[in-house]
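1. Give me the fold of what follows.
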Amino acid sequence: MKKFGQLSGSVFDGKEHPIVLTNLAGRVTLLVSDAEVTQEFMTKHNKSIDKDGFTAALTKPLMGNGMVFSKSTDEQAKKRKHVSHAFYKKAMYEMQEGFKKVMDAKFDSWTKSMGQDGQITFDMTTEFSDIFTKNLVKIAVGTEALQESVLEFEVPIESGSEKLVKRKVNLTEAFHHLVEGLFNQAASRVNNPKSLFWEYTGEIYPWTPSELALNRNCQILRNFLSGLVESRIKQN
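-> You can find the predicted model right below:
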């Protein structure tokens with residue numbers, strides 16, 4: 001390490017503070033701006049930082065015990081090996097073709113929305129949430145026809161409120177609400193005393209009404225998607 005900076009207004013100034021040791025939501029954290037150190041982390045030591053388990057614990061209400069964000073361990077490697085048969089060439093080709101069709105439709109939509117100057121403004125989070133949802137539904141059930149399926153969620157009556165109301169949402173809105181909610185609530189959830197040992201339990205617990213409601217909403221979506229997959233398996 002060349003030198004330590006102290007948390008201040010210039011903390012993200014790479015020249016002034018190439019490496020900063022700080023406490024972020026109870027976790028000892030290194031903020032690295034030094035190019036050589038960053039390269040070392042992202043190559044030789046990538047396995048140590050790529051998946052530390054935090055995102056898996058945070059998104060567990062939505063993702064369950066899936067392997068997408070799970071910590072890079074020997075156990076995860078064994079799980080990946082056991083499901084490798086699902087990623088044979090034909091299946092991967094079909095998923096890739098489905099993804100290409102979704103992206104082509106999205107590019108067409110963006111092109112049509114451009115002004116005469118060739119410029120377009122859109123919400124990146126919403127757009128990619130839509131792309132993610134369409135691809136997930138297509139992979140799960142082989143069609144995008146269920147994209148407009150409606151679920152009933154409990155949501156805050158307004159931003160920042162703990163007063164909840166029931167609202168009907170389609171799948172795109174559902175994913176956007178859940179993903180955005182989990183990451184917006186991360187700091188609060190981490191500060192729940194029950195979450196103190198998340199690295200050992202793999203759990204980051206909710207404790208406000210809106211956080212508890214978000215967990216229930218995650219389960220509603222998981223049940224819906226599980227039902228679709230089970231139905232498809234029976235049909236085949």
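
2. what helices or strands is the host helix or strand of residue 111 leaning on?
-> Assigning secondary structure by DSSP states H and E places residue 111 in helix 89-113. Judged by 3 or more C-beta pairs under 8 Å, 6 or more residues apart in numbering; DSSP states H and E, the packing partners of helix 89-113 are helix 124-141. Yep, even glycine has a C-beta here, placed from its N, CA and C like the rest.

3. Now the helix it packs on: average pLDDT?
-> Averaged across helix 124-141, the pLDDT comes to 70.

4. Scan this protein for its longest helix.
-> Ranked by residue count under DSSP state H, the longest helix found in the chain is helix 209-235.

5. Can you mark which positions in that one are buried?
-> Using 16 or more other C-beta atoms under 10 Å as the burial criterion, the residues of helix 209-235 that qualify are 210, 211, 213, 214, 215, 217, 218, 220, 221, 225, 228.

6. Torsion angles phi and psi at residue 155?
-> phi -130, psi 160 (degrees, to the nearest 10).

7. which SS state does residue 31 fall under?
-> The three-state label for residue 31, taken from DSSP: H, G, I helix; E, B strand; the rest coil, comes out as strand.

8. any idea how far it is from residue 188?
-> With the distance defined as C-beta to C-beta, to the nearest Å, residue 31 ends up 22 Å from residue 188.

9. And the helix holding residue 111, how far out from the chain middle?
-> Chain-centre distance of helix 89-113: 20 Å, with C-alpha atoms, centre = their mean, to the nearest Å.

10. Mind listing what's buried along that helix?
-> If you call a residue buried by 16+ other C-beta under 10 Å, then helix 89-113 has these buried ones: 98, 102.

11. For that helix, give the mean pLDDT please.
-> Averaging pLDDT along helix 89-113 yields 80.

12. Just give me the neighbour total for the closest residue in space to residue 212 that isn't next to it in sequence.
-> For residue 212, the nearest residue in space outside its immediate sequence neighbours is residue 206; the separation is 5.0 Å by C-beta to C-beta, 6 or more residues apart in numbering. The burial count assigned to residue 206 is 20, neighbours taken as other C-beta atoms under 10 Å.
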